[in-house]
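Student: Sequence first, then the predicted structure:
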Amino acid sequence: MKSLQDTLRLFATYEHSCPYLPEKSAVNAIVDPKYPMNMSMYSQMINDGYRRSGKQVYRPYCPDCNECIATRIPVAKFSPSRSQKRIWKRNQDLIVTENHKGFSEEYVELYTHYTDTRHADSELEDDSVENFALFVETDWSDTIFYEFRKDEQLVCVAAVDVLERGLSAVYTFFDPDISSKRSLGTYAVLWEIEEAKRLGLSYVYPGYWIKESPKMNYKTRFHPIYGRVNGQWILLN
């Protein structure tokens, strides 16, 4: 019997320059935009290696490359390294709150400073605030913006989708001026792992991992982490 996913129509995007491996071209397979997507269906699809960008649900479909590996961290088995333990301890003074209302005007300055400092060559074709809000939000997703504050000052925001079995990290941005001492990107993932445990969920999905991309290598610092390869989840580290 065919699953619902087998009945979905997929479309290939135009070939474009790969944002992670500049010498390669990239193509994505996207789900028919007319399909009435919901979180139950998306929870199934992310388990099969799909991700979303705004309303668009996609997976890499590059003709000559299979370097993009969907990843997930089984939170019950997660074992932090010594470095990650220090990062966790160092950031215990941060207060985390939930925003269920969507992208806030309060985020603009922090997001702009982050992209100007860390991603001058951003993978987003247009990293404007308006484009970013469309990238992280959609009307069918259960998305929470976790706000990290130090003495009431916003220092980090993690946009996270709440799935049936896990949390999916959509995008995280933070104050680069203090992150060198706090490693806020790493801390956000560590916090999401603990939050998934608290919610009784099994996994955190950090996104695609590409071995040859320095931007993506941080994902395998979380142990254990599994990758979706040839239809199966296999241990990557």
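Tutor: It's in.

Student: which other residues reach the helix-or-strand element of the chain with minimal mean pLDDT?
Tutor: Scoring the helices and strands of the chain by mean pLDDT, DSSP states H and E places helix 129-136 at the bottom, with a mean of 81. Helix 129-136 is contacted from outside by 53-54, 102-103, 107-108, 111-112, 124-125, 143, 159, 170-171, using C-beta atoms under 8 Å, 6 or more residues apart in numbering. No exception for glycine: its C-beta is placed from N, CA and C like everyone else's.

Student: where in this structure is pLDDT low?
Tutor: Low-confidence segments of the chain, defined by pLDDT under 70, span residues 1-6, 119-128.

Student: For it, which segments count as strands?
Tutor: With strands called from DSSP state E, the chain shows them at 10-12, 16-17, 25-26, 28-31, 51-53, 56-60, 69-74, 95-99, 143-150, 153-162, 166-174, 203-209, 226-229, 232-235.

Student: Report all helices and strands that the lengthiest helix in the chain contacts.
Tutor: If you go by DSSP state H, the chain has its longest helix at helix 184-198. The helices and strands touching helix 184-198, judged by 3 or more C-beta pairs under 8 Å, 6 or more residues apart in numbering; DSSP states H and E, are helix 82-90, strand 143-150, strand 153-162, strand 166-174, strand 203-209.

Student: Which of the contacts of helix 129-136 are buried, as a PyMOL select command?
Tutor: The PyMOL command for the buried members of these (criterion: 16 or more other C-beta atoms under 10 Å) is given here:
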select buried, resi 53+54+103+107+111+143+159+170+171
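
Student: hang on, the earlier thing: contacting residues around the longest helix of the chain?
Tutor: Under the contact criterion C-beta under 8 Å, 6+ apart, helix 184-198 has outside partners 73, 75-76, 78, 80, 84, 87-88, 90-91, 94, 96, 146, 148, 155-156, 158, 160, 166-167, 169, 172, 174-175, 178-179, 202-204, 206, 218, 221-222.

Student: Just the buried residues from those, in PyMOL please.
Tutor: To isolate the buried ones among those in PyMOL, judged by 16+ other C-beta under 10 Å, type:
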select buried, resi 73+75+78+80+84+87+88+91+94+146+148+155+156+158+160+166+167+169+172+174+175+179+202+203+204+206+222
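
Student: Good, we can wrap up now.
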